[in-house]
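Visitor: Kindly generate the corresponding structure for this input.
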Amino acid sequence: MKKTILKLGGHLLKNELFKKYAETLNEAIKIKKDLIIVIGGGDKAREFIEIGRSLNLSESFLDYLGILISQVNALIFHQYLSKYNEIYFVKELDKLIELANLNKAIICGGFFPTISTTTVACMISELVNGELLYATNVEGIYDKDPKKFKEAKLLSRVHIDDLIKIFEKNQEFYAGGYKLFDLQSLQILKRSKIPVRVFNGEIPENILKVIKNEDIGTIVYY
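Guide: Numbers count the residues shown, from 1 in each chain. Have a look, this model is predicted:
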């Protein structure tokens with residue numbers, strides 16, 4: 001059975017929902033004991049990045065700042081989840097690989113400057129030959145940005161080449177500027193044909209639905 005990697009977009013982590021996500025992740029680990037969870041930095045990371053940018057700090061430092069915030073988010077979840085589960089918080093990829101081979105539940109944030117937590121989740125999925133479940137703030141993948149175009153069509157399935165065409169039109173390569181997928185993450189998905197489901201994580205219960213393989217969101221195929 002394939003390992004499951006859950007990417008929880010940091011933009012979902014509003015203060016008032018943090019507890020609900022923690023409780024939902026606790027239930028998810030009870031279903032999938034070797035679940036690997038990757039947490040984004042979200043609004044908190046972008047807030048500090050903008051402060052740094054206003055001080056003319058380097059983009060490399062701002063990337064590093066974003067990584068730290070994503071790790072803080074992951075650490076908060078870890079402290080809650082570890083009360084009920086055997087789960088490990090890691091800050092380095094080699095440690096994650098070591099623990100993944102032992103079939104342990106793992107939670108992490110970002111690892112490397114210039115690499116989004118989405119790309120980190122794709123890298124991990126490739127390394128452990130796993131499936132990627134991506135919780136974000138839309139219903140799935142659309143043929144165009146649903147935040148900008150009312151006529152955007154939700155896709156139940158999308159081929160990786162079409163997905164690349166959709167996202168290569170709108171890329172931002174500064175710290176904190178990553179969208180749903182960046183080109184690095186898409187190339188990893190394509191070369192290793194990683195099973196991916198993108199779904200609406202604004203409803204925390206949807207996490208449990210996808211863990212149970214319910215058909216919501218968008219499937220990426222090859």
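
Visitor: When you work out contacts or count neighbours from here on, use the C-alpha atoms and nothing else.
Guide: Will do.

Visitor: mind checking how far K147 is from P204?
Guide: For K147, the distance to P204 equals 21 Å [Cα to Cα, to the nearest Å].

Visitor: Who has more neighbours out of these two?
Guide: Neighbour count, other Cα atoms under 10 Å: between K147 and P204, P204 has more, with 18 against 8.

Visitor: My read is that V90 contacts I106, right?
Guide: Yes. Assessed by Cα atoms under 8 Å, V90 is found in contact with I106 at 7.2 Å.

Visitor: Name the residues contacting each of the two.
Guide: L96 (Cα atoms under 8 Å, 6 or more residues apart in numbering).

Visitor: Burial check on E151, number of neighbours?
Guide: Neighbours of E151 (other Cα under 10 Å): 11.

Visitor: for it, phi and psi?
Guide: phi -90, psi 0 (degrees, to the nearest 10).

Visitor: What is the distance between the helix-or-strand element of the chain with minimal mean pLDDT and the centre of its chain?
Guide: None of the helices or strands of the chain scores lower by mean pLDDT, DSSP states H and E than helix 160-168, at a mean of 88. Here helix 160-168 is found 18 Å from its chain centre; the criterion is Cα atoms, centre = their mean, to the nearest Å.

Visitor: again, but for stretch 12-29
Guide: 14 Å.

Visitor: Please enumerate residues in contact with it?
Guide: For stretch 12-29, using Cα under 8 Å, 6+ apart, the contacting residues are 35, 42, 77, 80-81, 84-85, 105, 136-137, 201-202, 204-205, 207-208, 211.

Visitor: now stretch 127-141
Guide: Here stretch 127-141 has contacts from 2-9, 11-12, 97, 100, 121-122, 124-125, 154-156, 158, 180, 194-202, 207, 210, 217-218, using Cα under 8 Å, 6+ apart.

Visitor: are any of the contacts of stretch 12-29 buried, and which?
Guide: Buried members of these, counted by 16 or more other Cα atoms under 10 Å: 35, 42, 77, 81, 85, 105, 136-137, 201-202, 204-205, 207-208, 211.

Visitor: Which members of the residues you listed are the farthest-apart pair?
Guide: N85 and N137 (27.2 Å; Cα to Cα).

Visitor: Let me see the ranges of the helices in this protein.
Guide: Assigned by DSSP state H, the helices in the chain fall at 18-31, 42-54, 59-81, 93-100, 117-127, 160-168, 183-192, 205-211.

Visitor: Could you give the separation of the longest one from the chain centroid?
Guide: What it means is helix 59-81. 13 Å.

Visitor: helices and strands around that helix, which ones?
Guide: helix 18-31, strand 36-39, helix 42-54, strand 87-90, strand 105-108 (3 or more Cα pairs under 8 Å, 6 or more residues apart in numbering; DSSP states H and E).

Visitor: Looking at V90 and I106, which one has more neighbours?
Guide: More crowded of V90 and I106, by other Cα under 10 Å: I106, with 24 against 21.
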